[in-house]
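> Quick one: sequence plus predicted model below, questions after.
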Amino acid sequence: MGIWIVLAIGWIAGWILFRAVVVPEREGSYRGGEKVSVIIPARNEAGNLPHLLGSLKKQTYAPDEIIVVDDFSEDGTYEVAAKYGVNVIRNEALPPGWTGKTWAVWNGYRQSTGDVIVFLDADIRLAPRALESLLQARAEAGGVISRSGTAIPERLTCGSLPVTVGGWRAFCSIF
């Protein structure tokens, strides 16, 4: 009986903490004009990259550059990414004090040329208007939007309000 009470409390707490407000899909197209760079740190993501890269190619607001940072993969991640015609870089040796993913993100950022930088995990899929919706939400909030740690994101938050954008759960800080 005690386990059921703990599970019920956990479910209720999760529902309260992670409920979200859905951002309505906009009627018009976003015309911000920013140069968008997408950076994807990837380690052994050969099976996931085709889904993400394919969905990036179908975006209504196409990114200006897509950078995949191959973080010493052993499964053909580099070759898979290269087949999609994106900029693929091999991560540099990890210096002391850095962790692998943050080092890959940093090296991707150093190679980017965009006005807006979008960091994506390789294991996500994007709805066709995901980038456009994120850019619209960013413009409306006047700030930075960062994705939360959920692998199957459905919603996005701006400030303290949860928001759904293109199938992502994210948090928006207004700077």
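Noted; the coordinates are in hand. Residues are numbered from 1 along each chain as shown.
> which stretches of the chain aren't confidently modelled?
When residues are selected by pLDDT under 70, those of the chain lie in 13-28, 145-175.
> and the gap between the residue nearest the centre of the chain and Val36?
A centroid search over the chain (Cα atoms, centre = their mean) returns Leu120, at 3.0 Å, as the residue closest to the centre. In this structure, Leu120 and Val36 are 12 Å apart, going by Cβ to Cβ, to the nearest Å. Every C-beta, even on glycine, is put in place using the N, C-alpha and C of the backbone.
> Please apply the same query to Gly47.
Gly47 is 26 Å from Val36, by Cβ to Cβ.
> do the same with Gly54
With Cβ to Cβ as the criterion, Gly54 and Val36 are 18 Å apart.
> do Ile9 as well
For Ile9, the distance to Val36 equals 42 Å [Cβ to Cβ].
> More neighbours: the two, which one.
Neighbour comparison, Ile9 and Val36: the larger count goes to Val36, with 22 against 10 (by other Cβ atoms under 10 Å).
> Next up, the contacts around the nearest residue to that one once chain neighbours are set aside.
Nearest residue to Val36, sequence neighbours excluded (Cβ to Cβ, 6 or more residues apart in numbering): Pro63, at 4.5 Å. Shown in contact with Pro63 (Cβ atoms under 8 Å, 6 or more residues apart in numbering): 36-38, 56, 114, 118, 131.
> Much appreciated, bye for now.
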